[in-house]
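Participant: Fold the following, please.
(one chain, ligands or ions: 1)
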Amino acid sequence: MISVLRLGHRVGRDDRISTHVGLAARQWGAEEVVFSGDKDEGMLESQQDIIERWGGNTEIQYTEDWKEFIRGFDGVKVHLTMYGERIEDKEEELRNRFENNDFLLIVGSEKVSRWVYENVDINLSVGNQPHSEIAALAVFLDRIRDRDIKHDFEDADIEVEPSKQRKLTKEKD
Ligand code: SAM
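Facilitator: Predicted structure coming up:
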């Protein structure tokens, strides 16, 4: 099971990025995405709406007490940060641990509290350069999940028909 915790959401500033964190997590198989920071009902509902239309079972949740959430998670806690150990050096170990453990992936927004660095199993970088939580999450999940890109989600109302030149979708019964 993959759970993603997005720290420090800021209403107005992070709406698009936070939504895309949730959608990227869903695409690469997260069962749960938990947001903290500002409680943004609009952002949470819009994700729920997308999931209802496009399918899948990813649960969208909010927690005010993110420390308690991290403490209480029973599995491998990975904080994605440009300052962490290199993904290349930890990939094999993480893939092995993924076979028998739940994973919590933590991504930040602005400055991440030192508490996070000290209370996870691994601080992991996807390149030691600043980029984005969405990119870090997608690359990490793609590696850990054998480049398995999911095309169909259960109970979708709508589906894409892959096309060379057009936007084609079909509504499902
Ligand atoms: N200086 C910040 C930091 O502490 O990493 C960068 C903030 S960045 C806008 C937001 C989030 O993107 C970070 O909290 C981290 O989760 C993720 N991120 C950015 N660059 C990363 C990298 N090279 N490797 C892993 N995660 C990264």
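Participant: and the helix or strand containing R71, average pLDDT?
Facilitator: Assigned by DSSP states H and E, R71 falls within helix 66-72. pLDDT averaged over helix 66-72 equals 98, rounded to a whole number.
Participant: Is any residue of the helix or strand following that helix near the ligand?
Facilitator: Towards the C-terminus, the helix or strand next in line after helix 66-72, according to DSSP H and E, is strand 76-86. Yes: residues of strand 76-86 contacting the ligand under CB under 6 Å from any ligand atom: L80, T81, M82. For glycine as for every other residue, the C-beta is placed from the backbone atoms N, C-alpha and C.
Participant: shouldn't the first one be in contact with G127?
Facilitator: In this case it means L80. No: counting by CB atoms under 8 Å, L80 stays clear of G127, with 10.9 Å between them.
Participant: Please compare the two by neighbour count and tell me which comes out ahead.
Facilitator: L80 (24 against 13; other CB atoms under 10 Å).
Participant: Who's the closest spatial neighbour of that one, skipping the chain neighbours?
Facilitator: Of all residues beyond its chain neighbours, the one nearest L80 is A136 (4.3 Å), with distances taken as CB to CB, 6 or more residues apart in numbering.
Participant: list the contacts for the one you found?
Facilitator: With contacts defined as CB atoms under 8 Å, 6 or more residues apart in numbering, A136 is in contact with L80, V107, V126.
Participant: List, one by one, the residues from the chain near the ligand.
Facilitator: Residues of the chain lying near the ligand (CB under 6 Å from any ligand atom): 80-82, 107-109, 112, 125-127, 129-133, 136.
Participant: please redo it, this time with the cut-off set to 8 Å
Facilitator: 7, 79-84, 87, 106-112, 124-133, 135-137, 140 (CB under 8 Å from any ligand atom).
Participant: State the distance spanning the first to the last residue of stretch 159-168.
Facilitator: Stretch 159-168 has an end-to-end distance of 9 Å (criterion: CA to CA, to the nearest Å).
Participant: what residues are up against the residue in the chain that the ligand sits nearest to?
Facilitator: Closest residue of the chain to the ligand, CB to the nearest ligand atom: G108 (2.5 Å). Taking CB under 8 Å, 6+ apart, we find G108 in contact with L7, G8, T81, V116, E133.
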